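# Just need the structure, nothing else, for what follows:
(one chain, ligands or ions: 1)
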Amino acid sequence: MTDYHSPEARAAVALPPGLDEVRVRFAPSPTGSLHIGGARLVMYNVLFAHGQAKRAGKKGAFILRIEDTDQKRFVEGSAQGLMDGLTWLGLGWDEGPDLGGPYAPYVQSERQHHYREAAEQLLASGHAYRCFCTPERLQGVRDDQVKRNLPPGYDRHCRDLSVEQVQAKLDAGETFVVRITFPLEGETRFIDLLRGEIVFRNDKIEDLVLLKSDGYPTYHLAVVVDDHEMDITHVTRGPEWIPTAPIHVQLYKALGYEMPIFAHMPLILSPSGGKLSKRDGSAALADFRERGYLPEALLNYLALLGWSLDGKTEFFTMDDLLEHFTIERVSAAPSTFDRDKLDWLNQQWINHHITVDDLAARVLPFLIEAGTIDDGPRDATHPRFQEVLVASSLLKDRIRHLTEAPDLMSYFLRDELEPYEAAMLVPKKVEPEAALAMLVAVRDALPGIDLTSHDATEARLRGLAGELGVKAGQLFMPIRVAVTGRTQSPGLFDTLAAIGQDRVRDRLDHAIALLSSEAPA
Ligand code: GLU
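I've put the predicted structure just below:
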């Protein structure tokens, strides 16, 4: 047997000779919010179709298809939400429900006749049969299996009904589902791009439902019909579909379709084991956006989760990934979600990989949401954008998440400071009276200081420390607390310049009043 685990062998499976176009798809069911596992799958598809395939001189297309045939689980707005999420991540599609395309429509509920025709074809060729079992009977079968410790599954009760028996039931108006006539003997095999050959014993596989009694297809029928009709070359999806892949393989054969290449991608596990879920803080893409992650950092992180270029490079832009990604290097083993690593990457991205202008534009909506600045245009035309820009330039190397901006920037952008303790104004080894005297001296000197000049401000304040007979650091500390309400801030002179004469004076006055009430002179 070929060793499918060598990178060369996998590469040959990924892009077989003779294939001139890669067509991949993401086929979410609109049943909730987009999970980051789904986002990573989309990223793999885009990188494969637009990066790897194109580098190999092939055409590539990524298709978005909405699989909404499970009406019971349908959630209104979910398809739009996931498209918005992907757009935020910068992952676009070439064909899809909104864009249309040569294989439209891209929504399964609008493609019903394709599935019914396929079901008719399967019934006619004996690869499917009508099952008239009532829910009560099926429940009875299940209860019995549980009691006898047997594996659950349909007992093929209707598989051998005669043509006449079927007709009689149809004439009597009995409802039915259509099930696959799965082979009872032998094996079903297929090659998985990441996992090599996968073999199933046919007698272990159930005659699953293909068409429900409401006439809607199940996933198994719809996915095969659509992947075929949309000329999908590589079916990439989560590993949870491996157990039912034999159903799909048999359907491809029965319908006379050419088999695509299957690639069951790895799972993302939670640090506590099991599938990553809401319990781990966050699994939905929208949560990462709300929590102040940059889409670039999240993509960078998702790319590193289960794939690596050389075992050491950590920073990848989407362009880098398009240049280097190969699907066969994705590990089939699940990877564990590591929030610390993501947080670190996010901070690196904010601190070193985006411009100040860009940071200002990105924090603006967070500042508006938090009420730090008034509502207004969410771009550079906001009347206070210049101030946000200055605050961004001073805080760029401190921000780890965009959500921190309202707090970190508040003393630049709001007139009122958050309340703080008078004791914070008093440096170590300094008496409250001395701290008060320093603040009074600074306030008195303020009108003569040009705060817009970093050098002049520094010279004057250092001079003042000399006059007061204290160390510069001892003087700077109460000033910093007075103007920011905190013990840490960007450089003092830049901070004073950004806050401006009037607000600096008001805040010094306030600090003096606060300290006087604590330490009457
Ligand atoms: N609709 C399926 C899901 O949401 C798609 C699986 C596939 O990609 O084939 O899981």
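
# helices and strands of this structure: which one has the lowest mean pLDDT?
Scoring the helices and strands of the chain by mean pLDDT, DSSP states H and E places helix 7-14 at the bottom, with a mean of 88.

# what does it contact?
2-4, 48, 52, 191, 193-194, 234, 261, 263, 326-329 (C-beta atoms under 8 Å, 6 or more residues apart in numbering). Backbone N, C-alpha and C define where each C-beta goes, glycine included.

# Try it again at 7 Å.
2-4, 191, 193, 261, 326-329 (C-beta atoms under 7 Å, 6 or more residues apart in numbering).

# Same question for that helix: list its buried residues.
10-11, 13-14 (16 or more other C-beta atoms under 10 Å).

# Of all the contacts of helix 7-14, the one with the weakest confidence?
Within the set of the contacts of helix 7-14, pLDDT is lowest for T2 (50).

# And the average pLDDT for stretch 468-476 is what?
In this model, stretch 468-476 has a mean pLDDT of 95.

# And for stretch 288-298?
97.

# List the buried residues of that stretch.
Those would be 288-289, 292-298, for stretch 288-298 by 16+ other C-beta under 10 Å.

# repeat for stretch 340-358
Buried residues in stretch 340-358, counting neighbours by 16+ other C-beta under 10 Å, are found at 342-343, 345-347, 349-350, 354.

# roughly how far is the lengthiest helix in the chain from the heart of the chain?
Scanning the chain for the longest helix, with DSSP state H as the assignment, gives helix 501-518. Chain-centre distance of helix 501-518: 46 Å, with C-alpha atoms, centre = their mean, to the nearest Å.

# quick one: average confidence on it?
If you average the pLDDT over helix 501-518, you get 96.

# ok, and what's touching that helix?
For helix 501-518, the external contacting residues (C-beta under 7 Å, 6+ apart) are 415, 417, 422, 425, 432, 435-436, 439-440, 442-443, 446, 451, 482-483, 496.

# what does stretch 108-115 rub up against?
Counting by C-beta under 7 Å, 6+ apart, 66-69, 105, 211, 217, 221-222, 225-226, 229 sit against stretch 108-115.

# One more: stretch 269-286?
Under the contact criterion C-beta under 7 Å, 6+ apart, stretch 269-286 has outside partners 33-37, 39, 85, 267-268, 288, 291, 334-337.

# Can you give me the neighbour number for the nearest residue to L34 once chain neighbours are set aside?
Nearest residue to L34, sequence neighbours excluded (C-beta to C-beta, 6 or more residues apart in numbering): L82, at 4.1 Å. A count of nearby residues for L82, using other C-beta atoms under 10 Å, gives 24.

# Now do the strands for the protein: every range, in order, please.
Taking DSSP state E, the strands of the chain run over residues 21-26, 59-64, 128-131, 177-180, 187-192, 196-201, 209-211, 234-237, 261-264, 268-269, 335-336.

# now the first one: how far from the chain's centre is it?
Counting by C-alpha atoms, centre = their mean, strand 21-26 is centred 20 Å from the centre of its parent chain.

# JSON lines please, covering the contacts of stretch 108-115 and showing distance to the ligand, pLDDT and neighbour count.
Formatted as JSON lines, the contacts of stretch 108-115 follow (distance: C-beta to the nearest ligand atom, whole Å; pLDDT from 0 to 100; neighbours: other C-beta atoms under 10 Å):
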{"residue": "I66", "distance to the ligand": "9", "pLDDT": "97", "neighbour count": "22"}
{"residue": "E67", "distance to the ligand": "4", "pLDDT": "96", "neighbour count": "20"}
{"residue": "D68", "distance to the ligand": "9", "pLDDT": "94", "neighbour count": "22"}
{"residue": "T69", "distance to the ligand": "9", "pLDDT": "91", "neighbour count": "23"}
{"residue": "P105", "distance to the ligand": "16", "pLDDT": "98", "neighbour count": "13"}
{"residue": "L211", "distance to the ligand": "17", "pLDDT": "97", "neighbour count": "25"}
{"residue": "P217", "distance to the ligand": "12", "pLDDT": "97", "neighbour count": "27"}
{"residue": "L221", "distance to the ligand": "12", "pLDDT": "98", "neighbour count": "29"}
{"residue": "A222", "distance to the ligand": "9", "pLDDT": "98", "neighbour count": "26"}
{"residue": "V225", "distance to the ligand": "12", "pLDDT": "98", "neighbour count": "23"}
{"residue": "D226", "distance to the ligand": "9", "pLDDT": "98", "neighbour count": "23"}
{"residue": "E229", "distance to the ligand": "14", "pLDDT": "98", "neighbour count": "13"}
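
# Considering the residues you listed, which is situated nearest to G473?
Closest approach between the contacts of stretch 108-115 and G473, by C-beta to C-beta: I66, at 61.8 Å.

# Contacts only, for the closest one.
Neighbouring residues of I66 by C-beta under 7 Å, 6+ apart: 28, 30, 79, 97, 106-108.
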